[in-house]
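1. the following block contains a protein sequence and its predicted model.
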Amino acid sequence: MAVIPLHIVDAFADQPFAGNPAAIIPNAAGLDEEDMVRISEELGLEVGFVLPPDDRGADVRLRFFIDRNEDTLSGHVLLASLVSMVDRGIFRPMAEGRLLHVETLAGVLEVCLSGAPGGPVRVEFEMPNPRFGEPVSVDEVAGALDVPSELLRVGDFGPQRVSCGFDQLIVPVADRAVMRGSLRGLDRIQVLLDERGAAGLVLMCPETHSESADFHCRFLHPGDRRAEDVASGTCIAAVAAYAVKHDLVPLAEEVRVITEHGHSLGRPTRAEATVRMLDDQIHRVTLAGSGAVVMRGTLQFTSLSGLQAQA
């Protein structure tokens, strides 16, 4: 019988029952891939599995699963994983920042842990550099969302494919009223995403609840068990990159973009992205936030790898 420690961590939150929850297995070295699949199915959450690194330059390796699928990268699970490891004393943040390197299928990413002893940890982590794809027809997206096409544009810019780890359709929205309540036509959104080969659709609006936020967002993934994410790291990074590329925020060598989201799910959440420029091009995108451990426990099950070893 395997007894495996388990944490549930709310990412992009400074208190429990806020932000985006993730399950973390802080010592997954004895699990095989089928064990990871079974655990993620049982928990019904995105799960981060903490492993020894394969890359010599990395301090730790992370794998990300949801249901039966492995993700290349999950930003909120990466953040939750680091909060979990700090909680267990595996890594200790420093006031001036402690630099780590985390191995993922998206590459080895830099993470900085900062905070005072006994206080909340701030996790700032690198995202894959953005890739900007083709513009998408406003009428095509409007038909999938069942909203007027004239509302799906901010300034001169409309929907576009952007990737910071996963391809997303970024859809600027001129009126936040479009984003309230339950969006109809999730099946049509899924058809649109399938046709475009994208993982999700992101609504972003400069009309915000909070004066300190730059964009109000919703992150739609209708093919997943949960059709909408409270906070998605890959989406937040893509929103920030889109905003900087199209001059929707004041430009500088270092641009800080604050997003708010999760309101439609009853979990209002804020996140911070920083876009660094070099020679008028986006050079680096990082996300930053805290997390709250809301559950510490164990999983108890018969490991498939253990059964195979006995056979």
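-> Sure, I can see it.
2. from the structure, what's the count of residues near the nearest residue to residue 274 once chain neighbours are set aside?
-> Counting by C-beta to C-beta, 6 or more residues apart in numbering, residue 274 lies nearest to residue 286, which is 5.0 Å off, once chain neighbours are set aside. Every C-beta, even on glycine, is put in place using the N, C-alpha and C of the backbone. Neighbour count for residue 286, taken as other C-beta atoms under 10 Å: 20.
3. right, and residue 286 touches residue 126 too?
-> Yes: taking contacts as C-beta atoms under 8 Å, residue 286 lies within contact range of residue 126: 5.4 Å.
4. shared neighbours of these two, anything?
-> In terms of C-beta atoms under 8 Å, 6 or more residues apart in numbering, residue 286 and residue 126 are not both contacted by any residue.
5. what strand or helix carries the residue nearest to residue 274?
-> strand 281-289 (DSSP states H and E).
6. what's that strand packed up against?
-> Contacts defined by 3 or more C-beta pairs under 8 Å, 6 or more residues apart in numbering; DSSP states H and E place strand 281-289 against helix 75-87, strand 122-127, helix 233-245, strand 269-278.
7. could you list the residues in contact with the very next helix or strand once past that strand?
-> Once strand 281-289 ends, the next helix or strand along the chain (criterion: DSSP H and E) is strand 291-301. Strand 291-301 is contacted from outside by 1-19, 21, 25, 38-39, 42, 79-80, 82-84, 87, 121, 123, using C-beta under 8 Å, 6+ apart.
8. now list the buried members of these.
-> 4-13, 18-19, 21, 25, 38-39, 79-80, 82-84, 87, 121, 123 (16 or more other C-beta atoms under 10 Å).
9. out of the contacts of strand 291-301, list just those in strands.
-> Among the contacts of strand 291-301, the members found in strands (DSSP state E) are 2-11, 21, 25, 123.
10. CSV please, covering those residues and showing pLDDT and distance to residue 219.
-> Shown next, in CSV, are the ones in strands among the contacts of strand 291-301 (pLDDT from 0 to 100; distance: C-beta to C-beta, whole Å):
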residue, pLDDT, distance to residue 219
2, 79, 34
3, 87, 35
4, 90, 29
5, 93, 29
6, 96, 25
7, 97, 23
8, 98, 20
9, 98, 18
10, 97, 16
11, 97, 13
21, 96, 14
25, 97, 24
123, 98, 19
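11. which of the residues you listed lies closest to residue 205?
-> Using C-beta to C-beta, residue 11 is the member of these that sits closest to residue 205, with 22.6 Å.
12. thought residue 76 was touching the closest one, still the case?
-> Yes: in this structure, residue 11 is within contact of residue 76 by C-beta under 8 Å, at 4.0 Å.
13. joint contacts of these two?
-> In contact with both residue 11 and residue 76: 19-20, 22, 231, using C-beta under 8 Å, 6+ apart.
14. can you name the two of these that are farthest apart?
-> 22 and 231 (10.2 Å).
15. quickly list what's touching both of the two.
-> 11, 76.
16. bridged to the residue lying closest to residue 173 once chain neighbours are set aside, which residues?
-> Counting by C-beta to C-beta, 6+ apart, residue 173 lies nearest to residue 205, which is 4.2 Å off, once chain neighbours are set aside. Applying DSSP bridges to residue 205 gives these bridge partners: residue 216.
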